[in-house]
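1. pasting the sequence and the predicted model now:
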Amino acid sequence: MSVFRRKLADHRADPRGRRWLFIPYDQLSDSIGPLAREDPKTLGIVLVENPWKAARRPYHKQKLALILANLRHFALEQVARGVAVRHLVAHGPYRKALEPLVSELGTIKMMAPAERELRADLQTLVDAGGLELIPHEGWLTTHDEFRAGAGEGPPWRMDAFYRCVRQKTGILMEGTKPAGGKYSFDRENRLPWRGNPRPPAPPTFPLDPIKEEVARLIESKFGAHPGRLDLSTLPATATDADALWSWAKRECLPTFGPYEDAMSVQSTGLFHTRISSLVNIHRLLPAGVAGDVISMDLPLSSKEGFIRQVLGWREFVHHVHVATDGFREIRAGNTSVASEPGDGGYSRWAGKHWTSRKLRGDPDGGAQPSFLGSDTPLPPAYWGEESGFACLDRIISDVWTEGYSHHITRLMVLCNLATLLDVSPRQLTDWFWAAYTDAYDWVVEPNVLGMGTFAVGELMTTKPYVSGAAYLLRMSDYCEGCSFDPKANCPFTSLYWAFLARHAAMLEDNPRLRMPMVSLGKRPVGRRHYDQSVFRAVGETLLRGDVMGPEKLPKLEV
């Protein structure tokens, strides 16, 4: 018997006469829902480990270990409280695992799933009355509040929603006015980091038999999955979660705001809290971390910057995802949907197909919007092949080591380059979903399809978030170790101008691109031809899996 099953059996409670709940992989909290309010000795919970789900995409090993170790520790924490636990291992859709239990236990309750993919999986069981959905208490806002703030229909804007929520809740308000005289300190929070203050070392966590058993399982059953598994950086217990948050409050938040957009080779996170993976599975509650920050003695720019991420952007993207049914229903009409999960370019890189068992009625692979018509495959560089771009290669190495990088590296390097190269938004989204430990459909699809690639147009953002080399030079120190000179020959700059020129018909009426479009019109014809030649050279080189260097750039004809 495994360590986990033996520990579970040692504390097994009498299951008779219990009210039963299904607790999915991302609701691992006893501080919300019935577990928070009802007598533990009257409740039973169903927890499902699902190798079928794990194999649907080439998920990072660290992500698989994070979910599995937290689920097992949560099970043990609940039996210690007197909750009865039914632990299952499923090899197919969740509904198939739960159907026999409904026959045995009667209707099972669960808080509405955050992930659209899980909702789709369970819908037939909900329709049959075997599963009763109750509100998900982890969210901080309602759909009515979203519509009141952002509007009844698209385009939706986060800043309008955020202002409305701040006004209604009184958070960071002084009467009817925002603290500090404005709702957002985003403009102040754009300082580059030049070495001081020193960023904290990421925390580590104790090993235990459950984590070690999970690691052995991952390596034996999911050894083909990409990424490095590091138990020392894996928070899995309630104590680990508290320790991570204590570290973040002490070491990160006082300096978080001003440097939240900075990037550096010296630190993957700088002053970011690294809590998103635990918040998204509710080991740390959004309400709890937001409440703590509100009460802390912090610079207002840091306090507001953190609150805007949790109360503003996180809630906003969830509501947009629900309102559009995962971007299947958008204003311009319904978009196409992938019949099965994509592998984010894994097969093209690895030279072998990523196989996952397809069953009738399985959830689909997600919406495939592409406002700009982008459909180029994702370059192998995103899977670890050297690209020649110091910024990209460093961030990709960090991602496959940690399953993490902070939000500006995601937006302004990974998404930026893919967008400039006309990479398929769906394929990039699937890559993010597989590579990051905090990625679930409700957060990764809005962030990549909506913001990172402009694949849904102005539905939730006002413009494409693209830039040339000047931004990377200003906000990072990546350029110092690169073979390209950001002021002379970095391809990012030509890629930027080539992107605007290729998509001018779709973007020229965008008011936030008026000045760049004017500048594009003044760009000499020879430069514009050169820009497109750079676009072709970089795209072709990276798609072959080759290294891009200055010697591979086309010659500029003066």
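-> Looks like it arrived, so ask away. Predicted model, so just to flag it, every value in this text is computed and none were measured.
2. next SSE downstream of the helix or strand that residue 220 is a member of?
-> If you go by DSSP states H and E, residue 220 is part of helix 209-221. Next helix or strand after helix 209-221 toward the C-terminus (DSSP H and E): helix 238-247.
3. residues in contact with that following helix: which ones?
-> 73, 77, 200, 203, 205-206, 234-235, 273-275, 278, 283-284, 289, 292 (C-beta atoms under 8 Å, 6 or more residues apart in numbering). Every C-beta, even on glycine, is put in place using the N, C-alpha and C of the backbone.
4. give me the buried subset of those.
-> Neighbour-count burial (16 or more other C-beta atoms under 10 Å) applied to the contacts of helix 238-247 gives 73, 77, 200, 203, 205, 234-235, 273-275, 278, 283-284, 289, 292.
5. identify the farthest-apart pair in those.
-> 77 and 200 (27.8 Å; C-beta to C-beta).
6. state the mean pLDDT of the helix holding residue 220.
-> On average, the pLDDT along helix 209-221 is 97.
7. and the angle for that helix with helix 238-247?
-> Angle, helix 209-221 to helix 238-247, by axes from the mean of the first three to the mean of the last three C-alpha atoms, to 10 degrees: 100 degrees.
8. so where is the stretch 451-558 of the chain shaky, pLDDT-wise?
-> Applying pLDDT under 70 to the stretch 451-558 of the chain picks out residues 558.
9. could you pull out the helices for it?
-> In the stretch 451-558 of the chain, the helices defined using DSSP state H, counting those that start in this stretch lie at 469-475, 491-502, 504-507, 514-522, 525-543.
10. just give me how far the last one sits from the chain centre.
-> Spelled out, that is helix 525-543. Taking the mean of its C-alpha atoms, helix 525-543 sits 31 Å from the chain's own mean (C-alpha atoms, centre = their mean, to the nearest Å).
11. and residue 369, what does it touch?
-> By C-beta under 8 Å, 6+ apart, the neighbours of residue 369 are 327, 330, 335, 425, 449, 455, 456.
12. about what we covered before: and the helix holding residue 220, what other elements does it pack with?
-> Contacts defined by 3 or more C-beta pairs under 8 Å, 6 or more residues apart in numbering; DSSP states H and E place helix 209-221 against helix 3-10, helix 61-81.
13. returning to that earlier point: can you flag which of the buried ones among the contacts of helix 238-247 belong to helices?
-> Of those, the ones assigned to helices by DSSP state H are 73, 77, 278, 289, 292.
14. do I have it right that the third one meets residue 284?
-> Yes. The pair residue 278 and residue 284 passes the contact test of C-beta atoms under 8 Å, sitting 4.5 Å apart.
15. comparing the helices of the stretch 451-558 of the chain, which comes out most buried?
-> Most buried of the helices of the stretch 451-558 of the chain by mean neighbour count (mean count of other C-beta atoms under 10 Å) is helix 491-502; its value is a mean of 23.
16. elements contacting that helix?
-> For helix 491-502, the elements it packs on are helix 416-420, helix 469-475, helix 514-522, helix 525-543, judged by 3+ C-beta pairs under 8 Å, 6+ apart.
17. alpha carbons only: can I get that helix in CSV?
-> The C-alpha trace of helix 491-502 is given here as CSV (Å, rounded to 0.1, in the frame of the first residue of the first chain):
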residue,chain,number,x,y,z
PRO,A,491,15.2,41.8,-35.2
PHE,A,492,12.5,42.7,-32.7
THR,A,493,12.4,46.3,-34.0
SER,A,494,12.0,45.3,-37.7
LEU,A,495,9.5,42.6,-36.7
TYR,A,496,7.4,45.2,-35.0
TRP,A,497,7.3,47.5,-38.0
ALA,A,498,6.7,44.5,-40.3
PHE,A,499,3.8,43.4,-38.1
LEU,A,500,2.1,46.8,-38.3
ALA,A,501,2.6,47.0,-42.1
ARG,A,502,1.2,43.4,-42.7
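18. what's in contact with it?
-> With contact meaning C-beta under 8 Å, 6+ apart, helix 491-502 is reached by 389, 416-417, 419-422, 464, 466-470, 472, 484, 486, 507, 513, 516-517, 520, 523, 527-528, 530-532, 534-535, 537-538, 548, 553.
19. now do 7 Å
-> If you take C-beta atoms under 7 Å, 6 or more residues apart in numbering as the criterion, helix 491-502 is touched by 420, 466-469, 472, 484, 507, 516-517, 520, 523, 528, 530-532, 534-535, 538, 553.
20. residue 93 - how many residues pack around it?
-> Around residue 93 there are 23 other residues, counting by other C-beta atoms under 10 Å.
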